[in-house]
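>>> I would like the atomic coordinates for the input below:
(3 chains)
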Amino acid sequence: MASIQHSILYWFDENKRDLPWRESKNPYSVWISEIILQQTRVEQGKPYYDRFMNRFPSVFDLANADEEDVLLAWKGLGYYTRARNILKCAKTIVGEYGGSFPKEREELLNLPGIGEYTAAAIASICWDQPYIALDGNIIRIVSRVFNIDSPFSYSSGKAIFKTMGQEFVSKDRPGDFNQALMDLGASICLPKSPRCDQCPILGFCEAKKINKQHERPVKLAKRKPINRFLLFFVHYKNKKLALIKQENSGIWKNLYLFPHVEYPSEHQLLEAKEGLDSFVSGIHLLSHQRIHYVAIKGERLKKQEDMQQELVWVPVKDIENLPIPRLMAHIFEVWPNAKTQD
DNA sequence: GATGCGTGGCG
DNA sequence: TCGCCAAGCAT
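Numbers count the residues shown, from 1 in each chain, chains lettered A, B, ... in the order given. The predicted model follows:
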């Protein structure tokens, strides 16, 4: 009987996708494609890859580029830290490695923007080093084939996936094996409706045997939302808006937002706004918190004894003409740097 | 370990 | 419609 690895590689040889970054195994193009494809769909990344390689054909061209130009090539793709790291990394490779990538996994991991997944992908595709590249696709396939019921996000779960994955990965063709699993995950072993009837390794899948393929991978249980009760002050005067800087902790740490007071219960929030000129209220969801809010005009601001933070007055255009829902949207629109606002 | 980062596709 | 999430990483 054929091994599971053999079945996967056979399927790959017959069905592999024709993608621009598969034309070469040189580390530069593999690296660029892997960075572009982080949290990004193949169809979205393709045109960026083509333009990027055309604009920066080698690691030397990239290392000599201005950050502005790299960011321009990245414009519209998102996660712009990737673009900044890609430039830093190119400079390191040229400056410290004479323009060729280090082949040791540990050295790859030290490069900016390269984590466990990308290091494994580069090492396996370029130099046939037997590392499993645990991306979303391969996590899903491994969780189903071995019926792993522990979430990848737990460190204990991560250890299981790494152990099983390392055992799983083909030692003969690890690069093809990783890419095969990604293709399989993208076309057959889908997150929601896996096409098990077309799967080349159906007979090896432990989850399918007990009909739990839909329950894999196990996701971390969502924490139930915490209720919070906040009274906001919208204080707009002389075309300036009052903001406060948050402490270096909590959900809006170090950000600027409207002055506010927090109450322990909805009852106390409603009691506090009693008699005040409240004009909008509602619930805002943010990071497993349900924030019940009431906003009042700011004339009463000075009388609030609980308001201890120092106010920062920020010039804002035309706030008096904004409809209330738009204004309220601003309340939860936190500002990293009040000085840059106008 | 939890959180932020960006855009586009999907049911 | 809109929440979920897709070839993760850094902090």
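
>>> show me where chain A dips below the pLDDT cut-off.
Residue ranges of chain A with pLDDT under 70: A:1, A:221-226, A:246-256, A:278-279, A:282-290, A:298-309, A:316-342.

>>> how about the residues of the stretch 1-150 of chain A by DNA strand B?
Selection of the stretch 1-150 of chain A residues close to DNA strand B by CB under 7 Å from any atom of the strand yields A:39-41, A:43-44, A:76-81. (Each C-beta comes from the backbone N, C-alpha and C, glycine too.)

>>> need the max-distance pair from these.
The distance between the two most remote of those (CB to CB) is 22.4 Å, for A:Glu43 and A:Thr81.

>>> any idea how far A:Ile125 is from the residue of the stretch 151-300 of chain A found nearest DNA strand C?
Going by CB to the nearest atom of the strand, DNA strand C is nearest to A:Met182 of the stretch 151-300 of chain A, at 3.3 Å. Distance, A:Met182 to A:Ile125, using CB to CB, to the nearest Å: 11 Å.

>>> next: A:Val261.
For A:Val261 relative to A:Ile125 (CB to CB), the value is 55 Å.

>>> who has more neighbours out of the two?
Using other CB atoms under 10 Å as the criterion, A:Val261 and A:Ile125 rank with A:Ile125 on top: 23 against 17.

>>> centroid residue for chain A?
A:Gln39 (6.3 Å; CA atoms, centre = their mean).

>>> three-state assignment of it?
Using DSSP: H, G, I helix; E, B strand; the rest coil as the criterion, the local structure at A:Gln39 reads coil.

>>> that one contacts A:Thr81, correct?
No - between A:Gln39 and A:Thr81 there is no contact under CB atoms under 8 Å: 11.5 Å.

>>> what about stretch A:33-40, how long is it end to end?
End-to-end distance of stretch A:33-40 (CA to CA, to the nearest Å): 11 Å.

>>> buried sites along it?
Neighbour-count burial for stretch A:33-40 flags A:33-37 (criterion: 16 or more other CB atoms under 10 Å).

>>> same question for stretch A:159-166.
A:160-162, A:164-165.

>>> any part of it near DNA strand C?
No - residues of stretch A:159-166 are not located near DNA strand C by CB under 7 Å from any atom of the strand, the shortest gap being 12.3 Å.

>>> dump that stretch to PDB, restricted to CA.
What follows is stretch A:159-166, C-alpha atoms only, in PDB (Å, rounded to 0.1, in the frame of the first residue of the first chain):
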ATOM      1  CA  ALA A 159       3.900  21.400  20.500                       C
ATOM      2  CA  ILE A 160       1.600  18.600  19.300                       C
ATOM      3  CA  PHE A 161       1.200  20.000  15.800                       C
ATOM      4  CA  LYS A 162       5.000  20.500  15.500                       C
ATOM      5  CA  THR A 163       5.800  17.000  16.600                       C
ATOM      6  CA  MET A 164       3.100  15.400  14.400                       C
ATOM      7  CA  GLY A 165       4.100  17.700  11.500                       C
ATOM      8  CA  GLN A 166       7.800  16.900  11.700                       C
END
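
>>> contacts for that stretch?
For stretch A:159-166, contacts defined as CB atoms under 8 Å, 6 or more residues apart in numbering pick out A:130-132, A:134, A:138-139, A:142-143, A:146, A:148, A:150, A:152.

>>> in the stretch 101-250 of chain A, which spans are helices?
With DSSP state H, counting those that start in this stretch as the criterion, the stretch 101-250 of chain A has helices at A:105-110, A:116-127, A:136-145, A:155-168, A:174-187, A:206-209.

>>> need the residues of chain A near DNA strand C, please.
A:19, A:21, A:33-34, A:37-42, A:79, A:81, A:85, A:111-119, A:135-137, A:140, A:179, A:182-183, A:185-186, A:191, A:219.

>>> leaving out the residues flanking it, which one is nearest to A:Gly175?
A:Ile125 (3.7 Å; CB to CB, 6 or more residues apart in numbering).
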